[in-house]
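[1] Below: sequence and its predicted model.
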Amino acid sequence: MSLFLCVDCGGSKTSAVITDRSGRILGRALGGSSNFAYMSAAAFTDAVRVAVSNALRTCVSPPSIDPVSLPPNTEIFASAWFGISGVDSLAAVANASAALSALLRIPLGPRLVVANDTHLLAAPLRLHPDIKHAVAAIGGTGSCVVSFQHEPSGTLSELARTGGWGWILGDEGGGFHVGRETMRQMMYDAARSSLGMEQLPPSSLKAKVLERFGIKGVENAPEVLPVVHLPEPSTAEAAASAPSYLLVAREKRLSQLAPLVFEAAFKDKDPFALNVLRVCAEGLADQIAMLCREPGEDPSLKPRAVEAKEAMLCFGGSLVGIEDYRALVREALAKKGHVFKYVEFVDDAAAIGAVGLASLGRT
């Protein structure tokens, strides 16, 4: 019982990392989507099972060619830390904990830590003794922002949160928002055209989106609306004759547009695409700013808010992993008067979490 496991469960992938007591990484593996809010407990458990079983292959003696079967016959994990997208309530924590306890043979309690995935992002706060607050901002398929305080005991306690409401109600600054905003601005420009307003310059992003969905001519842009709203085919017969994009869940049809938007904005220098990303970056900045105290603001108005100039901003997620996009978010924050003392992009949250977990196990 000397292994330490950390799993970062997100909307696009599941990342599992296993270390020994010294913090040396022994195994790691990836799995599919594991957003707890968008799938059944069984599907979530299966996604975690795939990632952890494969990560264990190099942790057993002798190393295994095949994934290691779970649940294990004996307790093999000293402790485990799960940061799970979509776990935003005590009920969700309890449900996920029960499933993971059975899967890993770790009893419910302090050895099994289950929380929202933002908790993994705040781990670098421990490296800065001159501050005690951090804001963790996820901008991936979805988005969520949580603030933390570094306690004297060494633990991180959650102060406040916003976002994480899913693609219908929120996810500002995430992949869903980028796709949705692209569609919205395309529809807005179509409305301008119907009014006979000045013709807008060509957009490489509009061309890419229309090509994706088999639509010819920007004047036919409103034909994308069925793409957004039509449900997936309900029968195998219907699926056989449906366009490939209709076989994708509706929310994914939006979030999968994000790579096209980023390519058009930062490679093609398309003003239309860049404006889409500015709007989305502003949305994520608004979420971050909500957890911060305005310069000169009375502390009693938001007692649990943090001061950016005395705090750390920890980014995580595929979209904010792109430096140019992070720059747009930071630019929007600066305009609101929020400039953080430290800013870091955490590109391997599971590894940082596993090493940190092992360090706590040595104390």
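    Happy to help now that I have it.

[2] isn't Ala47 right up against Cys9?
    Yes: judged on CB atoms under 8 Å, Ala47 makes contact with Cys9 at a distance of 7.4 Å. All C-beta atoms are positioned from the backbone trio N, CA, C, and that covers glycine.

[3] quick one: common contacting residues for those two?
    Common contacts of Ala47 and Cys9 (CB atoms under 8 Å, 6 or more residues apart in numbering): Ser34.

[4] pLDDT score assigned to the spatially most central residue of the chain?
    Central residue of the chain (CA atoms, centre = their mean): Gly140, 3.9 Å from the mean position. Here, the pLDDT recorded for Gly140 equals 86.

[5] so it touches Gly316, yeah?
    Yes: with contact defined as CB under 8 Å, Gly140 counts as touching Gly316 (7.4 Å).

[6] Ala47 and Cys9: which is more packed in?
    The neighbour count for Ala47 versus Cys9, taken as other CB atoms under 10 Å, is higher for Cys9 (30 against 21).

[7] Tell me the confidence at the more buried one?
    On the pLDDT scale, Cys9 is placed at 90.

[8] Name whatever forms a beta bridge with it.
    Per DSSP bridges, the residues bridged to Cys9 are Thr14, Ile84.

[9] isn't it right up against Thr45?
    No: using CB under 8 Å, Cys9 makes no contact with Thr45, being 10.8 Å away.

[10] returning to that earlier point: list the contacts of the residue nearest to the centre of the chain.
    When contacts are counted by CB under 8 Å, 6+ apart, Gly140 is found next to 10-12, 85, 174-175, 316-320.

[11] mind running it again at 7 Å?
    Neighbour list for Gly140: 10-12, 174-175, 317-319 [criterion: CB atoms under 7 Å, 6 or more residues apart in numbering].

[12] can you check Ala265 too?
    If a contact means CB under 7 Å, 6+ apart, then Ala265 has 273-274, 277 as its contacts.

[13] and with 8 Å instead?
    Ala265 makes contacts with 205, 273-274, 276-277, 324, as judged by CB under 8 Å, 6+ apart.

[14] same question, Val209
    Shown in contact with Val209 (CB under 8 Å, 6+ apart): 182-183, 186, 224, 257, 260.

[15] starting at the chain centroid, how far to stretch 280-292?
    Distance, stretch centre to chain centre, for stretch 280-292: 15 Å (CA atoms, centre = their mean, to the nearest Å).

[16] Quick one: mean pLDDT over that stretch.
    Regarding stretch 280-292, the rounded mean pLDDT is 96.

[17] and what of stretch 155-174?
    According to the model, stretch 155-174 has a mean pLDDT of 84.

[18] got the buried residues for that stretch?
    156, 158-164, 166-167, 170-174 (16 or more other CB atoms under 10 Å).

[19] Need the pLDDT of the nearest residue to Ile65 once chain neighbours are set aside.
    Take Ile65 and drop its neighbours on the chain: the residue closest to it by CB to CB, 6 or more residues apart in numbering is Arg57, 7.3 Å away. pLDDT recorded at Arg57 is 91.

[20] gap between the residue nearest to the centre of the chain and Gly337?
    Applying CB to CB, to the nearest Å, the value for Gly140 to Gly337 is 27 Å.

[21] Which of the helices or strands spans Ala265?
    helix 258-266 (DSSP states H and E).

[22] Name the next helix or strand following that helix along the chain.
    Next along from helix 258-266, by DSSP H and E: helix 271-290.

[23] same for that following helix, what does it pack against?
    Secondary structure elements in contact with helix 271-290, counted by 3 or more CB pairs under 8 Å, 6 or more residues apart in numbering; DSSP states H and E, are strand 133-139, strand 143-150, strand 156-163, helix 175-194, helix 204-212, helix 258-266, helix 323-335.

[24] Just say which of those is most tucked in.
    Mean neighbour count (mean count of other CB atoms under 10 Å) peaks for strand 133-139 among the helices and strands packed on helix 271-290, with a mean of 30.
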